[in-house]
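Participant: here is my input, please return the structure:
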Amino acid sequence: MRSVNTLQNAARLFCETDSGRQHFDICVWRQYADKIHPELADKCENDIKDYDFQKDVLPVIHYALRDRQRLLRLSGIYEKVIDTMEERLRVLFDQEPELDIILYLGLCSGAGWATTLGGKSVILLGAEKIIELDWDNENDMKALIFHELGHFWHKTFGQITFPASSQRERSILQLYQEGVAMVCEQILYGDDDYYHQDQNGWLTWCVEHEAEIGREFLLRLDRNAGTQDFFGDWCSFQGHSDAGYYLGCRLIKSLKSKYTLIEIANLPYASLWSAFKDYVLSLSEPS
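Facilitator: As a prediction, the model looks like this:
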């Protein structure tokens, strides 16, 4: 596992003074991204092609750049977390993962993104989103990396994807992927109740509304309707973002009474669809 921290360079390029005067230039950013990897700039720009750059992306970047010292503190937090995570990785991985973890100034593609560059597995950590979400602390940084490592674990030891042509299939796939990653995050973190999204009563709300979240998700699947409201900080269900991460985690945990985690990581769509319906039904049954 190789760590690449580019925030010192980002601060030099885009924050002119300690007061945070900004001069973000997309052409300069492309050069910065090309030095990280030749495919990175195109990958990020393609990912945000449906966004309004001036309205949705640039304000988040400017917010991260307005405080140079905060950007550099994030760099230090990242280095500290990387230096202390080796022991925890052994809980899930029998050898050191073969991937790069890259901390960079991105274009709002996500605080964490498990993907590939040049055919090699990478975890991209977007500083601008981490700062926007106030995840620039040791606990959240650790959990964020563990979550993305959960996706990598799923890809390594299971079938992280399956053919998904319908909206229902795509929604089950997303629920499945994020659920496995959440369970892996909790295993690596050493806390079965830990969710890095838990701010301002988020977890309490999810626990109290689990049956409602499950029923609404199932209703949308039955209608072949979209479920993006349940995923991503820019979306929300009843005013709460990322309810799908909680739902997916609970689904995977419900399967652990029948399967090992490796077996869960290899389940086909039909088994997951059936298991999800059973899980939601169980939420309505008297305890």
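Participant: how close does Glu148 sit to Gly190?
Facilitator: From Glu148 over to Gly190 the distance is 17 Å, taken as C-beta to C-beta, to the nearest Å. Where C-beta positions appear, they are placed from N, C-alpha and C, glycine not excepted.
Participant: more neighbours, the two?
Facilitator: More neighbours surround Glu148 than the other of Glu148 and Gly190, with 25 against 10 (other C-beta atoms under 10 Å).
Participant: tell me who's in contact with that one.
Facilitator: By C-beta atoms under 8 Å, 6 or more residues apart in numbering, the contact set of Glu148 is Gly112, Trp113, Ala114, Ile123, Leu125, Ala181.
Participant: any idea which helix or strand carries it?
Facilitator: helix 138-157 (DSSP states H and E).
Participant: now that helix: average pLDDT?
Facilitator: On average, the pLDDT along helix 138-157 is 96.
Participant: filter the contacts of Glu148 down to the buried ones and hand me the PyMOL line.
Facilitator: Per 16 or more other C-beta atoms under 10 Å, the buried members of the contacts of Glu148 correspond to this PyMOL selection:
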select buried, resi 112+113+114+123+125+181
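Participant: now, the contacts of Glu148 that are in helices?
Facilitator: The members of the contacts of Glu148 that map onto helices under DSSP state H are Ala181.
Participant: which strand residues bridge the residue nearest to the spatial centre of the chain?
Facilitator: Centre of the chain computed as the mean C-alpha position; nearest residue by C-alpha atoms, centre = their mean is Gly112, 4.6 Å away. Bridge pairing for Gly112 (DSSP bridges) gives the partners Leu125.
Participant: could you chop the protein up by domain?
Facilitator: Partitioning the chain according to automatic domain parsing yields domains covering residues 2-143+150-157, 167-284.
Participant: hang on, Asp83 in a helix?
Facilitator: Yes. With DSSP: H, G, I helix; E, B strand; the rest coil as the criterion, Asp83 is located in a helix.
Participant: where along the stretch 1-150 of the chain do the strands fall?
Facilitator: In the stretch 1-150 of the chain, strands defined by DSSP state E, counting those that start in this stretch lie at 2-5, 100-104, 112-117, 120-126, listed in chain order.
Participant: quick check: the farthest pair among the contacts of Glu148?
Facilitator: Leu125 and Ala181 (14.7 Å; C-beta to C-beta).
Participant: just give me the neighbour total for Phe93.
Facilitator: For Phe93, the count of nearby residues is 17 (other C-beta under 10 Å).
Participant: does it touch Gly150 like I think?
Facilitator: No. Taking C-beta atoms under 8 Å as the definition, Phe93 is not a contact partner of Gly150, at 11.0 Å.
Participant: where does this structure dip in pLDDT?
Facilitator: Across the chain, residues meeting the criterion (pLDDT under 70) sit at 16-22, 285-287.
Participant: all the helices of it, in order from the start?
Facilitator: Using DSSP H, the helices found in the chain span residues 7-14, 26-36, 40-47, 58-65, 68-84, 86-89, 127-132, 138-157, 167-189, 202-208, 210-222, 243-255, 261-264, 269-284.
Participant: possible to save those helices as TSV with distance to Gly118?
Facilitator: Formatted as TSV, the helices of the chain follow (distance: least, C-beta to C-beta, whole Å):
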stretch	distance to Gly118
helix 7-14	20
helix 26-36	11
helix 40-47	10
helix 58-65	25
helix 68-84	22
helix 86-89	23
helix 127-132	22
helix 138-157	16
helix 167-189	23
helix 202-208	36
helix 210-222	36
helix 243-255	29
helix 261-264	28
helix 269-284	30
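Participant: figure out which of those is closest to Pro97.
Facilitator: helix 138-157 (6.0 Å).
Participant: how about the CA coordinates for that closest one, as PDB?
Facilitator: What follows is helix 138-157, C-alpha atoms only, in PDB (Å, rounded to 0.1, in the frame of the first residue of the first chain):
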ATOM      1  CA  GLU A 138      -8.500  11.600  13.200                       C
ATOM      2  CA  ASN A 139     -11.600   9.500  13.900                       C
ATOM      3  CA  ASP A 140     -13.500  10.500  10.700                       C
ATOM      4  CA  MET A 141     -10.400  10.300   8.500                       C
ATOM      5  CA  LYS A 142      -9.700   6.800   9.800                       C
ATOM      6  CA  ALA A 143     -13.300   5.700   9.300                       C
ATOM      7  CA  LEU A 144     -13.300   7.200   5.800                       C
ATOM      8  CA  ILE A 145     -10.200   5.300   4.700                       C
ATOM      9  CA  PHE A 146     -11.500   2.100   6.300                       C
ATOM     10  CA  HIS A 147     -14.800   2.500   4.400                       C
ATOM     11  CA  GLU A 148     -13.000   2.800   1.100                       C
ATOM     12  CA  LEU A 149     -10.800  -0.100   2.000                       C
ATOM     13  CA  GLY A 150     -14.000  -2.000   2.600                       C
ATOM     14  CA  HIS A 151     -14.900  -1.500  -1.100                       C
ATOM     15  CA  PHE A 152     -11.400  -2.700  -2.000                       C
ATOM     16  CA  TRP A 153     -11.800  -5.700   0.200                       C
ATOM     17  CA  HIS A 154     -15.100  -6.500  -1.500                       C
ATOM     18  CA  LYS A 155     -13.500  -6.200  -4.900                       C
ATOM     19  CA  THR A 156     -10.600  -8.400  -3.900                       C
ATOM     20  CA  PHE A 157     -12.500 -11.200  -2.100                       C
END
